[in-house]
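> here is a sequence together with a model predicted from it:
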Amino acid sequence: MTISKTNRLSLVEQVVSQIESLIESGEWEIGNQIPPEMDLIKQFDVSRNTLREAVRSLVYAGLLVTKQGKGTFVRSSSVLGVAIQRRIQQSGILETLEVRHALEREAAQLAAIRRDKDDIEQLRTHIATCHDAAEAKDSQAYEEADIQLHKAIIEASHNSLLIDLYEHMADSLHASIHQIVEMSSDANLHLNIHCSLVDAIIEQDEERAVETVNEYIAQFKKSLI
């Protein structure tokens, strides 16, 4: 087998790598505008052309997005996240729902085993917010609370790879939540199932947690028919 000689990274590649690290570490958060061009030129000690080429590369990769008249913003935390989001956008809601089912079923089971006091507090907080939004008949607030509840369940799994994977898929998965909530004919049923899920996780009832996820995914599928 022929092994090629390794090449030193170009200045552009070095800047790209450093920016990726800033994004992945959370120092540059998703949705936030990146620092001014002159600040970055000084920070990376490169020319304007080198910086602009690096930024263009990251825009093309999908980590950054340029908004005309506003600037450049962080779009995704990793190239993997962008690839997954693009793939999900090519899928129908049923396929997306099936992926949610697989991830959330596993997360619910792990959460029922591993949840701690902080997780329990977060779960109770978010389910209470869901309840308040449902009573107020505020669908937008309910969707946001529902998203935060699902994130809390994923976090309670204490599986870093599962958490990262779900986070990369979050935007596209949450778009499906909006469609499902809009189509749901019984908001109380939706809330009651989630209350049951939270109770099962808190009580460390793995079997009931999994059954509850199966139940609400089945209800969602029924709403699609």
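That came in fine, so what should we check first? Just so it is clear, the structure is predicted and the values come from calculations on it, not from any experiment. Numbers count the residues shown, from 1 in each chain.
> where does pLDDT dip in this structure?
Applying pLDDT under 70 to the chain picks out residues 1-9, 80-83, 85, 88-90, 170-187, 223-225.
> can you give me the strands for it?
Secondary structure of the chain (DSSP state E): strands at 64-67, 71-74.
> now those strands as CSV including distance to residue 98 and mean neighbour count?
C-beta here means a position set from N, CA and C on the backbone, and glycine is covered the same way. What follows is these, written out as CSV (distance: least, C-beta to C-beta, whole Å; neighbours: other C-beta atoms under 10 Å):
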stretch, distance to residue 98, mean neighbour count
strand 64-67, 29, 14
strand 71-74, 30, 16
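> let's have these in a markdown table, adding distance to residue 156.
Listed next are the strands of the chain as a markdown table, based on distance: least, C-beta to C-beta, whole Å:
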| stretch | distance to residue 156 |
| --- | --- |
| strand 64-67 | 32 |
| strand 71-74 | 27 |
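> of those strands, which is nearest residue 51?
strand 71-74 (10.9 Å; C-beta to C-beta).
> what's in contact with that closest one?
For strand 71-74, contacts defined as C-beta atoms under 8 Å, 6 or more residues apart in numbering pick out 23, 28-34, 55, 59, 63-67.
> alpha carbons only: can I get it in PDB?
What follows is strand 71-74, C-alpha atoms only, in PDB (Å, rounded to 0.1, in the frame of the first residue of the first chain):
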ATOM      1  CA  GLY A  71     -23.800  39.500   8.800                       C
ATOM      2  CA  THR A  72     -22.700  35.900   9.300                       C
ATOM      3  CA  PHE A  73     -24.300  33.700  11.900                       C
ATOM      4  CA  VAL A  74     -23.700  30.200  13.300                       C
END
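> please renumber so the chain begins at 26
Noted, 26 is the first residue going forward, which turns the last one into strand 96-99.
> so who does residue 225 touch?
Counted by C-beta under 8 Å, 6+ apart, residue 225 has contacts 133, 137, 231, 233-234, 237.
> top of those residues by neighbour count?
With neighbours taken as other C-beta atoms under 10 Å, the top of these is residue 234, carrying 29 neighbours.
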